[in-house]
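1. When you get a sec, could you give me coordinates for this:
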Amino acid sequence: MKFLLLIVLLWIVSDGAPAGSVTSLLSIFILEKKSQPNASPAPQHATRNVALGGRATQSSIYRDTLNHLGYLALAINAIDGNQDTQFEHGSCSHTNNDLSPWWRVDLLRSYRIGHISITNRGDCCGNRLDGAEVLVGDSLANNGNNNPRCAVVTSIQAGGSQTFLCNDIVGRYVNIGLPGKSEYLHFCEVEVYGFKAPIPENVALQGRATQSSIYKDSRYHYGYLGMPINAIDGNQDTEFDHGSCSHTHQELSPWWRVDLLRSYRIGHITITNRGDCCGNRLNGAEILVGDSLANNGNNNPRCAVVGTIPAGGSQTFQCNDMVGRYVSVTLPGKEEYLHLCEVEVFGADLQEEHSCS
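-> Presented below is the predicted three-dimensional model:
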């Protein structure tokens, strides 16, 4: 359109057409330009109801003489996008009168959940939902009912909807349950608003490691076997002589630290202990995550404390989305050797998160 108008304009001008004709065509050209959509709109950090494509299940399916086939009470009815609150219309889920009844949706991948809206049944018994717990997480242990809690339902009026903020809890599964109560569990819609959570990866592999000292003796006088970088080489070999473990001298409050080069949201950290000797030396170690290098990073918030890791074993510690650039492992107040054969830091890039929708 613009190209055609330009040709016509040149033709009119070359033939000495009246100025009004040129002005009219210029007006059309300007209007046409304004009507075109922006080719590069600003990115938006929008969320959507990610439950709509999920898979739902529940502790049981309610049946009676009216609903002997159970289709009126199926778990999937609560994620059909229909907020009809009349049970007989077939858009509500409904369990039997169970002890600790529950309902769950599998979102098929992990999302960072901003908020969840629940619509209560309208034709009967709205108070049955009082006290329900809303859970979000990645575990199916105990049918998902051990996952972190987003909220507790105090009361939703019959036929009403209520929104619960989950503050970006990450999870694949959303559960609603009535723990410890013998009750029917029913609701007519569950909307889960979130955006795709970047898949955690071992971000320590590209990091830079340092430690309080490097172990040397008559056999290892060069110290390369005890270098801090050995603990982030992707190799879980637990034999010190093979050169894949870090090792400090025996000293007061020894520490090891990895710089991830920028801040990440840390989900969990896995530590592999030395296998050929002295596994108990790691007992009581603190795992710290944060953005500060004060006191060599040892003032950062604590993710976890190591109880005991068997010699040659690995253990995972949940950091619950702590944010930080530096991860430290230290033995505060102890005079001891500190050795680690692998430290894996699983986290999500904050920059990538901000680009997801």
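2. Find the centremost residue of the protein, please.
-> Central residue of the chain (CA atoms, centre = their mean): Val170, 3.0 Å from the mean position.
3. Note down every partner strand of the strand or helix carrying it and its orientation.
-> Under the criterion of DSSP states H and E, Val170 resides in strand 161-177. If you go by DSSP bridges, strand 161-177 pairs up with strand 102-119 (antiparallel), strand 133-137 (antiparallel).
4. Can you list the buried residues in the helix or strand hosting Ser328?
-> Secondary structure from DSSP H and E places Ser328 in strand 314-330. For strand 314-330, a neighbour-count test (16 or more other CB atoms under 10 Å) marks Gln315, Cys319, Asp321, Met322, Val323, Gly324, Arg325, Tyr326, Val327, Ser328, Val329, Thr330 as buried. Glycine gets a C-beta too; all of them are placed from N, C-alpha and C.
5. Could you do stretch 103-113 as well?
-> So stretch 103-113, judged by 16+ other CB under 10 Å, has buried residues Trp103, Arg104, Val105, Leu107, Ser110, Tyr111, Arg112, Ile113.
6. Tabulate these (a markdown table), appending distance to Ala151 and pLDDT.
-> Putting the buried residues of stretch 103-113 into a markdown table (distance: CB to CB, whole Å; pLDDT from 0 to 100) gives the following:
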| residue | distance to Ala151 | pLDDT |
| --- | --- | --- |
| Trp103 | 15 | 98 |
| Arg104 | 16 | 98 |
| Val105 | 15 | 97 |
| Leu107 | 17 | 95 |
| Ser110 | 19 | 89 |
| Tyr111 | 16 | 91 |
| Arg112 | 16 | 89 |
| Ile113 | 11 | 95 |
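7. Pick out whichever of those sits closest to Val306.
-> Within those, proximity to Val306 (CB to CB) peaks at Ser110, which comes in at 26.5 Å.
8. who are the neighbours in contact with that closest one?
-> With contact set as CB atoms under 8 Å, 6 or more residues apart in numbering, Ser110 has these partners: Asp138, Val170, Gly171, Arg172, Lys196, Ala197, Ile199.
9. For the fifth one, grab phi and psi.
-> Lys196 adopts backbone torsions of phi -60, psi 130, taken as degrees, to the nearest 10.
10. I'd like the distance between it and Val50.
-> Counting by CB to CB, to the nearest Å, the gap from Lys196 to Val50 is 8 Å.
11. For those two, list the residues in contact with both.
-> Tyr111.
12. which of those two has more neighbours?
-> The residue with more neighbours, out of Lys196 and Val50, is Val50; 21 against 15, by other CB atoms under 10 Å.
13. close enough to count as contact, that one and Glu191?
-> No: Val50 lies out of contact with Glu191 (CB atoms under 8 Å); the separation is 9.1 Å.
14. Just grab the bridge partners of Gly177 for me.
-> Residues in a beta bridge with Gly177, per DSSP bridges, are Trp102, Glu133.
15. Now do the same contact list for it.
-> Going by CB under 8 Å, 6+ apart, Gly177 touches Ser100, Pro101, Trp102, Trp103, Ala132, Glu133, Leu135, Asn145, Leu185.
16. quick one: which two of the buried residues of stretch 103-113 are the most distant?
-> Longest distance between any two of the buried residues of stretch 103-113 is 21.5 Å, between Trp103 and Arg112; criterion CB to CB.
17. What residues of stretch 284-302 count as buried?
-> By 16+ other CB under 10 Å, the buried positions in stretch 284-302 come out as Gly284, Ala285, Glu286, Ile287, Leu288, Val289, Gly290, Asn296, Gly297, Asn298, Asn300.
18. So for it, first residue to last residue, what's the gap.
-> Across stretch 284-302, the terminal residues are separated by 12 Å (CA to CA, to the nearest Å).
19. With stretch 117-128 instead?
-> Stretch 117-128 stretches 17 Å from its first residue to its last (CA to CA).
20. got the angle between the strand holding Val170 and strand 314-330?
-> 120 degrees (axes from the mean of the first three to the mean of the last three CA atoms, to 10 degrees).
21. returning to that earlier point: can the buried residues of strand 314-330 go into JSON lines with extra columns for distance to Ser59 and pLDDT?
-> Below are the buried residues of strand 314-330 laid out as JSON lines (distance: CB to CB, whole Å; pLDDT from 0 to 100):
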{"residue": "Gln315", "distance to Ser59": "33", "pLDDT": "96"}
{"residue": "Cys319", "distance to Ser59": "31", "pLDDT": "95"}
{"residue": "Asp321", "distance to Ser59": "29", "pLDDT": "88"}
{"residue": "Met322", "distance to Ser59": "34", "pLDDT": "95"}
{"residue": "Val323", "distance to Ser59": "36", "pLDDT": "96"}
{"residue": "Gly324", "distance to Ser59": "39", "pLDDT": "97"}
{"residue": "Arg325", "distance to Ser59": "43", "pLDDT": "97"}
{"residue": "Tyr326", "distance to Ser59": "44", "pLDDT": "98"}
{"residue": "Val327", "distance to Ser59": "40", "pLDDT": "98"}
{"residue": "Ser328", "distance to Ser59": "44", "pLDDT": "98"}
{"residue": "Val329", "distance to Ser59": "42", "pLDDT": "98"}
{"residue": "Thr330", "distance to Ser59": "45", "pLDDT": "98"}
